[in-house]
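**Student:** got a sequence here, can you build the structure:
(one chain, ligands or ions: 2)
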Amino acid sequence: MSKKHPIVAVTGSSGAGTSTVKNAFEHIFRREHINPVVIEGDSFHRYNRAEMKQAMKEAGQQGNNHFSHFGPEANLFEKLEELFKTYGGTGAGKKRYYIHNDDEAAHHNGRLNGNLKPGEFTPWEDIAPGTDLMFYEGLHGLVKHGDTDVARHVDLGIGVVPIVNLEWIQKIFRDNAERGYSAEAIVDTMLRRMPDYVNYITPQFSRTDINFQRIPTVDTSNPFIARDIPTPDESMVVIRFRDPKRFGVDFVYLLNMLHDSFMSRRNTIVVPGGKMGLAMEIILAPIIRDLLEKRG
Ligand SMILES: Nc1ncnc2c1ncn2[C@@H]1O[C@H](COP(=O)(O)OP(=O)(O)OP(=O)(O)O)[C@@H](O)[C@H]1O
Ligand SMILES: O=C(CO)[C@H](O)[C@H](O)COP(=O)(O)O
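**Tutor:** Residues are numbered from 1 along each chain as shown. Ligands and ions are numbered 1, 2, ... in the order given. Predicted coordinates:
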C-alpha cells in the first residue's frame, strides 16, 4: 500500500517503551527532514482522570473490576479509526493531548495559555497542514474491535514488546518516578487491566510489520521486588519482521552493521540491547524514506 499521507504506528502496552522509541523516530525525522504529525495514543482515552475513576467505581458496583484503559469502553477506538482514515485520505484531522503530570501541564499551559491540570485533556486542535506523515505512539495503533479496524489504515506498524516481566518492571519504575503512584496502586492497575491486555493489546503484535522485543539477560523472575530496570547492556533485542521481502530487508547488511547480532529464525535478528537505537535507525530510516518516495 502506498498512500499520499502515510501512517506509522508504534504500539505497545503501558511501560513497554513506546515513548522511548518515539525518540529514535524523532532522530530519523530530523535527519531525513521529515515533518510528522505526532499522535499520542492516550489522547484517545474516553475519560479524563476524574471521570475514569468514577467510571471504574460504577463498573465495580456492577461487579466489573476489570474496566480498564486497555479496553474499548475506556477509549475512542472509532474516533481513532476515523482520524487514521481522514488523515490517510486528506492529510487533515484533529488531535489533542492527555496530560499525565505537572511537567506536561506546564508545557501545554504555556503553549495554549491555559490552566489545565494533570489528568485533563487539551482541547481538540486541527492538525497543521503540510505534514509528511502521521506518527502514532500508544496502546492501540493496530487495534480491532467489532466493526472498528484501526490496523487497516496503518502503512507501517511497529510493536514494542519487552518480555512481560521487563514490561512490568519498566511500568512500576516509570509510574512511580514520573507519575507519583505507589507500588501497590500500580500493581492493582496491572491486575485490573489483565483481561483487556490479553484481548486488546497482545493481538496487535500479530498485525505489526516489525516487533522489537527487549529481553533481559539478568534475572527478572520477581518483577515486583526489582530494584532497577535492567540496562541496555543487560538485555538483547529480538527483532522480527512479518514479511522481510515486503521491505527488502537485507539481513547480511544488518548482521554486518550491528556488531554481535545474529539470526535466530529466517525473519528474526537478535541484537545487543545497547544497539537497539542504532538498529531502529538502520532498519526504519530506509523503510520510511521508501514510504515517502512512493507517495501517490
Ligand atoms: N530500551 C530501554 N532500555 C531501558 N529502559 C527503557 C527502555 N525502554 C523503556 N525504558 C524505560 O521504561 C519506562 C517506560 O518507558 P516509556 O515511558 O517509554 O513507556 P510507554 O510505553 O511510553 O508507556 P505509556 O504508554 O504508559 O506512556 C521508562 O522509565 C523508560 O526509561
Ligand atoms: O496506561 C496509561 C497510558 O498508556 C495510563 O495509565 C493512562 O494514560 C492513564 O494515565 P493516568 O493514570 O496518569 O491518569
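**Student:** when you work out contacts or count neighbours from here on, use the C-alpha atoms and nothing else.
**Tutor:** OK.
**Student:** now do the same contact list for the residue in the stretch 1-150 of the chain positioned nearest to ligand 2.
**Tutor:** Ligand 2 sits closest to Ser14 of the stretch 1-150 of the chain, with a gap of 4.1 Å, by C-alpha to the nearest ligand atom. Ser14 sits next to 139, 167, 171 when contact means C-alpha atoms under 8 Å, 6 or more residues apart in numbering.
**Student:** my read: the last one touches Gly12, true?
**Tutor:** Right, the one you point to is Lys171. No - counting by C-alpha atoms under 8 Å, Lys171 sits too far from Gly12 to count as a contact (11.8 Å).
**Student:** what about these two, which has more around it?
**Tutor:** Higher neighbour count among Lys171 and Gly12: Gly12, with 28 against 21, using other C-alpha atoms under 10 Å.
**Student:** the more buried one and ligand 1, how far apart?
**Tutor:** Noted for Gly12: a distance of 6 Å to ligand 1, by C-alpha to the nearest ligand atom, to the nearest Å.
**Student:** per-residue pLDDT, that residue?
**Tutor:** pLDDT recorded at Gly12 is 96.
**Student:** filtering the contacts of Ser14 by proximity to ligand 1, which remain?
**Tutor:** Lys171 (C-alpha under 6 Å from any ligand atom).
**Student:** so which of the contacts of Ser14 are in helices?
**Tutor:** Here DSSP state H is the test, and the contacts of Ser14 give 167, 171 as lying in helices.
**Student:** can you put the contacts of Ser14 in a markdown table and add pLDDT?
**Tutor:** Listed next are the contacts of Ser14 as a markdown table, based on pLDDT from 0 to 100:
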| residue | pLDDT |
| --- | --- |
| Leu139 | 97 |
| Glu167 | 95 |
| Lys171 | 93 |
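**Student:** now the contacts of Ser14 in CSV, with distance to Arg289?
**Tutor:** Below are the contacts of Ser14 laid out as CSV (distance: C-alpha to C-alpha, whole Å):
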residue, distance to Arg289
Leu139, 25
Glu167, 30
Lys171, 32
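**Student:** just give me the neighbour total for Lys53.
**Tutor:** 12.
**Student:** swap in Arg207?
**Tutor:** By the criterion of other C-alpha under 10 Å, Arg207 has 19 neighbours.
**Student:** what does Gly130 give?
**Tutor:** As a burial measure, Gly130 scores 12 neighbours (other C-alpha under 10 Å).
**Student:** what does the one 5 residues further on give?
**Tutor:** Using other C-alpha under 10 Å, the number of residues around Phe135 comes to 21.
**Student:** next helix or strand past whichever strand or helix holds Thr189?
**Tutor:** According to DSSP states H and E, Thr189 maps onto helix 183-196. On the C-terminal side of helix 183-196, the closest following helix or strand by DSSP H and E is strand 210-216.
**Student:** tell me the gap between whichever helix or strand comes after that following strand and the middle of its chain.
**Tutor:** As assigned by DSSP H and E, the chain's next helix or strand after strand 210-216 is strand 235-241. Distance of strand 235-241 from the chain centroid (C-alpha atoms, centre = their mean, to the nearest Å) equals 16 Å.
**Student:** show me what strand 235-241 is packed up against.
**Tutor:** Other elements packing on strand 235-241 under the criterion 3 or more C-alpha pairs under 8 Å, 6 or more residues apart in numbering; DSSP states H and E are strand 210-216, strand 268-272.
**Student:** which residues of the stretch 51-200 of the chain lie near ligand 1?
**Tutor:** 138, 170-171, 173-174.
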